[in-house]
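Asks: give me a 3D structure for the following:
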Amino acid sequence: MTPELLALLAPIRGLAVPWYVAGGWAIDLFVGKVTRDHHDIDILVSRDDQGAVLDHFTGRTLLKVVPHPCGRVGLGTAVAWGGEELKLPIHQIFADDADGDRIEVLLAEFERGSWRYRRDRTVKRKLADALLESTDGIPYLAPEIVLLFKAPLMRQWDEADFASALPSMTPGQRAWLADALRRAHRGHHWLRDLS
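Replies: This next block holds a predicted model:
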């Protein structure tokens, strides 16, 4: 674990509910090295635990991300979150400190021992496969799920994360991601590399 990641995790320590590193840092935890620069840290918590997020980040400005009205990915609007229960389609909370450092909290759909994809509820993964732990004890989201979230965004760093993770993914992880992409993001160009 790098000093940079340790510093980013410091404000998260003590959160009273299970949390998991997501996004690009989860890919780096999976491959065991830092593969690129990161502009923030993302964590995943169960939607049922959002109240604990509110209680924990009292010294930060909390914003909920209201998705784009036409469903355009990555174009939501951040507005103040006053602690009301957040239901789908809202799935992101920003916790910003006074210096502008951001922790992005992703609300996960956990149901009967599985994680479910909010964009296609037929896509699911058993929690034992979805939630992993690094060799130094940091909980993180499995790379195939991180990449599924990144697939519709197609940013330069999402492509880099796919290229970094792919060589280390097991055949089972690759097969799961390919199936999930076929269901939720038909025709995605990553399918060529997964087959």
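Asks: which positions in the longest strand seen in the chain come out as buried?
Replies: Counting by DSSP state E, the longest strand found in the chain is strand 102-111. By 16 or more other Cβ atoms under 10 Å, the buried positions in strand 102-111 come out as R102, I103, E104, V105, L106, L107, A108, E109, F110. For every residue, glycine as well, the C-beta is placed using N, CA and C.
Asks: check stretch 47-60 too.
Replies: Buried, per 16+ other Cβ under 10 Å, within stretch 47-60: R47, D49, Q50, A52, V53, L54, H56, F57, R60.
Asks: neighbours of R13, how many?
Replies: Each residue near R13 was counted by other Cβ atoms under 10 Å, and the total is 9.
Asks: can you report phi and psi for it?
Replies: phi -60, psi 140 (degrees, to the nearest 10).
Asks: check W157 too.
Replies: Taking degrees, to the nearest 10 as the convention, W157 sits at phi -70, psi -20.
Asks: residues contacting it?
Replies: G24, R36 (Cβ atoms under 8 Å, 6 or more residues apart in numbering).
Asks: what of V65?
Replies: So, once contact is read as Cβ under 8 Å, 6+ apart, V65 ends up touching G76, T77, A78, I90, H91, Q92, I93, F94.
Asks: of the buried residues of stretch 47-60, which is the nearest to S114?
Replies: R47 (13.6 Å; Cβ to Cβ).
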